[in-house]
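Peer 1: Need coordinates for the below:
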Amino acid sequence: MYFLWPEFLWLLPALILLPAAYVWLLRRRRKGAVRYSSLAVVRAAAAGRNWRRHLPPALLLLACAGMLLAAARPVAAVPLPWARTSIMMAIDVSLSMRVNDVKPTRMVAAQQAAKSFLRDLPRNIEVGLVTFAGSTQVVQRATLDRAALVAAIDGFQMQMGTAVGNAIVVSLSELFPDDHLDVGDMTFGNRRQGRSLDDKDKPLPRQITPVAPGSYNSAAIILLSDGRRTTGVDTLAAARMAADRGVRIYVVGLGTVAGAASTPDGMAIYMQLDEPTLREVARMTGGEYHHAGTAEKLRTVYETIGSRVQVVTRDTELTGLLALLSALVALAAATLSVLWFGRIT
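Peer 2: Below you'll find the predicted structure:
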C-alpha cells in the first residue's frame, strides 16, 4: 500500500492529543462532582456500565484516524474481475500434433481442452484464435461468439514447420492493431523498394514506450506448442515485444520432452519440446509455463490458466471505501451515545 498524498499522514500524531483531552475532561468533571457519603456504593453500581461511557469516544477517535488516512488517498493492490478482456489463443497445428503420446492424439486433446476452456470462461471475455505451423493465420478474430470459436477449433488443418515467434507477433497485432506489426517485415526485412504501390502506403510499425512486463491487464496470450521453432521470427524477440507491451504469455508445452514419439499410423517422429525457450517466454512476459504430458494434465492446465485470467490485481484507490467506513464508525458512536446517555457526548 502507498499514499498519493502522504503529507496528510503527518496529522496522525495529532490524534494523540484527543485521548489526552478526553482524560483531562474526565478529571475536571470528577472534581466538580457532588460528593457522596458512601462513594464505594456508587462505584459498585457504576462498575458494570463504566465501559459504556468510553466506547463512543473511542469509536469517534477511530473514525478520525480513518478520515485522516482517507485524506492521504491510500492505494493498494486489489484483486478485481476483468471488466473487458481479450485472450488470444495461439495453438500449434504442425504435423507433430498427430503424435498419440497424448491420447487420443496431441491435436485432438488440444482441441478438446480448448473447447472446455471456452465453456468455463466468463461470457464477457473476448477470445481470438491463431494457428501456427510453417505459417500463421488468424482463424477467428477476438469475439464473444463461443459457437464461432468452437467451429474454428474443429476446423484445424495441420501443416509443416513451427513458427512460434510468428504466432506471438500475430497475436499482438490483433491486440494492438494501431501498432501496425507486420510478420513479413520482421521475417524478410522492410523491402519497400520492391513492394507494390499498396504495400508502399502501409504504415510503419509504431514506436512504443516499454512498460513493465505483465502490467497490461486487458489482454493475455495463451500459447500451446509441442516442438521448437523451425522458421519465422525469433521466439524470444517476439516475447520481448509482448513484454514491452505488458502482455502476459501463458505457455503450455505439450507432449514428450525427450522427443521420441510415434504417429497414429506407426511412423516414428522426432520432435523435441523446446522447454528452455518456452519457459523463458513465460518468464520474460510475467506469465506462467506449464507442461502437459497427458490429456488430463492439459485440461487441468487450461483450468488453472482460466482461473488466472478471470481475476487481475490492480492498484485501486481506497479513499472512498475508507471514508465510508469512518463515517459509519462515527455514526455508530453518535447512535450509542444517544441511546445510552440521551445526548452526544
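Peer 1: So for stretch 170-184, first residue to last residue, what's the gap.
Peer 2: Looking at stretch 170-184, the gap from its leading to its trailing residue is 10 Å under the measure C-alpha to C-alpha, to the nearest Å.
Peer 1: for it, which positions count as buried?
Peer 2: Taking 16 or more other C-beta atoms under 10 Å as the neighbour-count basis, stretch 170-184 is seen to contain the buried residues 170, 171, 172, 173, 174, 175, 176, 179, 181, 182, 183. C-betas here are computed from N, CA, C, even on glycine.
Peer 1: so the fifth one is in which element?
Peer 2: Right, residue 174. When secondary structure is defined by DSSP states H and E, residue 174 falls within helix 164-175.
Peer 1: elements contacting that helix?
Peer 2: Taking 3 or more C-beta pairs under 8 Å, 6 or more residues apart in numbering; DSSP states H and E as the contact definition, the neighbouring helices and strands of helix 164-175 are strand 85-92, strand 125-132, strand 136-143, helix 183-188, strand 219-225, helix 235-244.
Peer 1: neighbours around residue 302, how many?
Peer 2: As a burial measure, the neighbour count of residue 302 was computed by other C-beta atoms under 10 Å and equals 27.
Peer 1: how close does it sit to residue 118?
Peer 2: Spatial separation of residue 302 from residue 118 under the definition C-beta to C-beta, to the nearest Å is 9 Å.
Peer 1: So for stretch 238-251, mean pLDDT?
Peer 2: In this model, stretch 238-251 has a mean pLDDT of 96.
Peer 1: Likewise for stretch 280-292?
Peer 2: If you average the per-residue pLDDT over stretch 280-292, you get 95.
Peer 1: May I have the distance across that stretch, first residue to last?
Peer 2: One end of stretch 280-292 sits 17 Å from the other (C-alpha to C-alpha).
Peer 1: Surely residue 136 and residue 186 touch.
Peer 2: No: taking contact to mean C-beta atoms under 8 Å, the distance of 11.5 Å between residue 136 and residue 186 leaves them out of contact.
Peer 1: Need the residues touching each of these two.
Peer 2: Overlap of the contact sets of residue 136 and residue 186 (by C-beta atoms under 8 Å, 6 or more residues apart in numbering) consists of residue 169.
Peer 1: Compare those two and say which is more crowded by neighbours.
Peer 2: Using other C-beta under 10 Å, the more surrounded residue of residue 136 and residue 186 is residue 136, with 22 against 19.
Peer 1: give the contact list for that one.
Peer 2: For residue 136, the contacting residues are 130, 163, 166, 167, 169, 170, 183, 232, by C-beta under 8 Å, 6+ apart.
Peer 1: Excluding residues flanking it in the chain, which one is nearest it?
Peer 2: Nearest-residue entry for residue 136: residue 166, 4.2 Å, with adjacent residues in sequence omitted and distances by C-beta to C-beta, 6 or more residues apart in numbering.
Peer 1: Next up, the contacts around that neighbour.
Peer 2: Residues in contact with residue 166 (C-beta under 8 Å, 6+ apart) are 132, 135, 136, 183, 187, 231, 232, 233, 238.
Peer 1: Could you single out the nearest of these to residue 17?
Peer 2: Closest to residue 17 out of the contacts of residue 166 is residue 238 (60.8 Å), distances taken as C-beta to C-beta.
Peer 1: Residue 306 versus the closest one, what's the distance?
Peer 2: When C-beta to C-beta is the yardstick, residue 238 and residue 306 sit 24 Å from each other.
Peer 1: picking up where we left off before, adding distance to residue 294, write the contacts of residue 136 out as a markdown table.
Peer 2: Converted to a markdown table, the contacts of residue 136 look like this (distance: C-beta to C-beta, whole Å):
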| residue | distance to residue 294 |
| --- | --- |
| 130 | 25 |
| 163 | 26 |
| 166 | 28 |
| 167 | 24 |
| 169 | 30 |
| 170 | 29 |
| 183 | 33 |
| 232 | 29 |
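Peer 1: what about the stretch 51-200 of the chain, any weak spots by pLDDT?
Peer 2: Under the criterion of pLDDT under 70, the regions of the stretch 51-200 of the chain flagged as low confidence span 78-84, 188-200.
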